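Asker: model this:
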Amino acid sequence: MAYEMLMGLNVIDDAAYQEYREAMMPILTEHGGGFGYDFRISEVLRSASDAPINRVFTIYFPDEGAKNAFFSNEAYLAVRQKHFEAAVADTTVLAKYER
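Answerer: Purely as a prediction, here's the structure:
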């Protein structure tokens, strides 16, 4: 069984977001994580959030503990601060589930 999240983002700088993805990927892999699906979207027909969404993806981990370890990892937090914060205006957790 794996722990997975369905995420929506409002990416405002595609180049900086790509740098974030490249820099965080080795850390994600170390924690047994990865991406299942990844979409750029142009139109949201219905949303439970006021935050705009133009990117939707799934991110998975072996379990919730691995997810928590990844998101609290100091190397990841440094990458997030350097690349993610300038590249993404809004983050929406659409769903969390075990599969």
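Asker: give me the distance between the residue located most distally from the centre of the chain and residue 68.
Answerer: Centroid-distance maximum for the chain: residue 45 at 21.4 Å, with Cα atoms, centre = their mean. In this view, residue 45 and residue 68 are 33 Å apart by Cβ to Cβ, to the nearest Å. Placement of C-beta: from N, CA and C, glycine included.
Asker: OK, contacts around residue 4?
Answerer: By Cβ atoms under 8 Å, 6 or more residues apart in numbering, residue 4 lies in contact with 36, 58-61, 96-99.
Asker: most neighbours, which of those residues?
Answerer: Among the contacts of residue 4, residue 61 has the most neighbours (other Cβ atoms under 10 Å), with 21 neighbours.
Asker: okay but that residue is in contact with residue 29, surely?
Answerer: No. The pair residue 61 / residue 29 is not scored as a contact, 11.0 Å apart, by Cβ atoms under 8 Å.
Asker: after the host helix or strand of residue 71, next one along is what?
Answerer: Counting by DSSP states H and E, the element that carries residue 71 is helix 64-72. Downstream of helix 64-72, the next assigned helix or strand under DSSP H and E is helix 74-79.
Asker: which strands border the longest strand belonging to the chain, and is each parallel or antiparallel?
Answerer: In the chain, with assignment by DSSP state E, the single longest strand is strand 88-98. Paired neighbours of strand 88-98 in the sheet (DSSP bridges): strand 3-11 (antiparallel).
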